[in-house]
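[1] My questions are about this predicted structure, shown below with the sequence.
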Amino acid sequence: MNFTRKIILLIFYFFVTSTSNVFGKTADQLAQEAQKIETILAESLVYYQSGLNQKAYKKSLEVFNWLGSKTSKKLQGKIFNHLGNLALESELYDEAIENYNKALDIYTLLDDQERVAAVYGNMAVVFEYLDKLDLSLEYNFRALDLHEINRDSASMSNAYTNIGNTYADLGEYNLCRNYFIKALCLDSISTDKRKLSADYNNLGYLYSILKDNELAVKYYTTSLKIDIQLGSSMDQCITYFNMGNIYFNSEKINASLSNTKKSYSLAKQLNSVNYLMKNTNLLSKIYSKKHNYKEAYRYFEEFEKWSDSLDIKQNAALLYAKQLENSNQNNYIGFTNEMTEEKPALGNGFWSILRVVLYLLIATAIGYLIYKFIVLFTNR
């Protein structure tokens, strides 16, 4: 009988080990699928950062090859919010709203108020682009309400800025100014000086709309001082361009030329196609005003080159993406890995269930044979 017991124990060990391996493989597969999704999202951001918005959106759609019913809800919410962002940047507004609504349903189910508020803010931007400004305000205020409940001052500042921008679109400039000032007050006591610079820049933009160029320059200059202190080249590039534009509209051509050239120089260092295009266009107009048509034509030709540089950007983006795909990096620029917070669930899919059933049948058959063997041995 000791021999029989050993056989039974060995079979039981074999069964437990085998079934655990089945579930373990399933867990590994889920983890691999989740990592593949994260990689696709990261690669899509590479295209986005290169200015290839529609390419980024198409790349991100590849996640549906890996998305399953057992994919964690948190990751599902991240996917749909990501898709919404890229659809928005690609001017695919219906797709953006559809994806944001799916993200909203998931984050509401998870009772994640912070992310619900973020999605509200994103949807407000979509409605602003669709010129549905009442809806934009509604979603901005929904986001603001949640930020105030959570006492999230940084997000409150963003909401104030977004509401101010919407009021500017509505022509409600006093309300716009009020909300820009609210954002400025919050950011003035925070450690994020870059946001403070953005607040001054927004006020400069507002007063440029109101044709108060002197006050606009004042706010732009304050913004620029902060940018220089922070060593933020891109922000300096933007502010110098804004000041160059203001001076041009004020017929202060020499001041316009000085600031625009500074912006142009920084844009070349940063390889910013967008601001190379903007600055060369403005420089062409400035030299036309100065009757220097040779320089005006030279910058106009360069403006056309940057305007048609989509192929150059695409090739650079593709090469960078290939580099990332061929590496084993798990972290990417501009990408947050959230997978450590939630482990994938065990056991999903038809094949996993079928394997377990087969093991059970095999174990039952072997058990039955052992039973018959014991009965036969006892009868002898």
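    In hand now; what should we look at? It should be emphasised that the depicted structure is a prediction, and the values quoted were computed from it without experimental measurement.
[2] residues in contact with L110?
    Counting by Cβ atoms under 8 Å, 6 or more residues apart in numbering, L110 makes contact with 73-74, 77. All C-beta spots, glycine's among them, are computed from the backbone N, C-alpha and C.
[3] Out of these, grab the one that's most surrounded.
    Looking at these with neighbours defined as other Cβ atoms under 10 Å, the largest count falls to G77 at 24 neighbours.
[4] still on that earlier bit, go through the contacts of L110 and say which is closest to A34.
    Checking these against A34 with Cβ to Cβ, the nearest one is K74 at 10.4 Å.
[5] Sticking with that closest one, tell me its helix or strand.
    K74 is part of helix 73-89 when elements are defined by DSSP states H and E.
[6] Neighbours of the nearest residue to Y57 once chain neighbours are set aside, how many?
    Counting by Cβ to Cβ, 6 or more residues apart in numbering, Y57 lies nearest to L86, which is 4.1 Å off, once chain neighbours are set aside. Other residues near L86 number 27, with proximity taken as other Cβ under 10 Å.
[7] How about Q236?
    The local packing of Q236 (other Cβ under 10 Å) involves 21 other residues.
[8] same deal with A255?
    Applying other Cβ under 10 Å, we find 16 residues neighbouring A255.
[9] Is it in contact with Y247, as I believe?
    Yes - in terms of Cβ atoms under 8 Å, A255 counts as a neighbour of Y247; the distance is 4.1 Å.
[10] quick one on the thing from earlier: need the contacts of L110 in JSON lines (columns: pLDDT).
    JSON lines is the format used below for those (pLDDT from 0 to 100):
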{"residue": "K73", "pLDDT": "86"}
{"residue": "K74", "pLDDT": "89"}
{"residue": "G77", "pLDDT": "89"}
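[11] Show me which of those is closest to T364.
    When those are ranked by distance to T364 (Cβ to Cβ), K73 comes first, at 36.6 Å.
[12] still on that earlier bit, for V63, see how far away the residue nearest to Y57 is.
    Here the criterion is Cβ to Cβ, to the nearest Å. By it, L86 lies 11 Å from V63.
[13] ok, now L52?
    Distance of L52 to V63, given as Cβ to Cβ: 18 Å.
[14] and what of K55?
    Following Cβ to Cβ, the distance that separates K55 from V63 is 15 Å.
[15] ok, these two, which is more surrounded?
    The residue with more neighbours, out of K55 and V63, is V63; 24 against 21, by other Cβ under 10 Å.
[16] Is the more buried one in a helix, a strand, or coil?
    Using DSSP: H, G, I helix; E, B strand; the rest coil as the criterion, the local structure at V63 reads helix.
[17] ok, back up a step: which strands or helices does the helix holding K74 pack on?
    Helices and strands in packing contact with helix 73-89 are listed as helix 2-49, helix 53-60, helix 93-109, helix 113-129; criterion 3 or more Cβ pairs under 8 Å, 6 or more residues apart in numbering; DSSP states H and E.
[18] Redo the ones you listed as CSV? Include mean pLDDT and distance to Y139.
    As requested, the helices and strands packed on helix 73-89 are exported to CSV (pLDDT from 0 to 100; distance: least, Cβ to Cβ, whole Å):
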stretch, mean pLDDT, distance to Y139
helix 2-49, 66, 23
helix 53-60, 84, 22
helix 93-109, 94, 10
helix 113-129, 93, 4
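[19] of all these, which lies closest to A198?
    helix 113-129 (15.6 Å).
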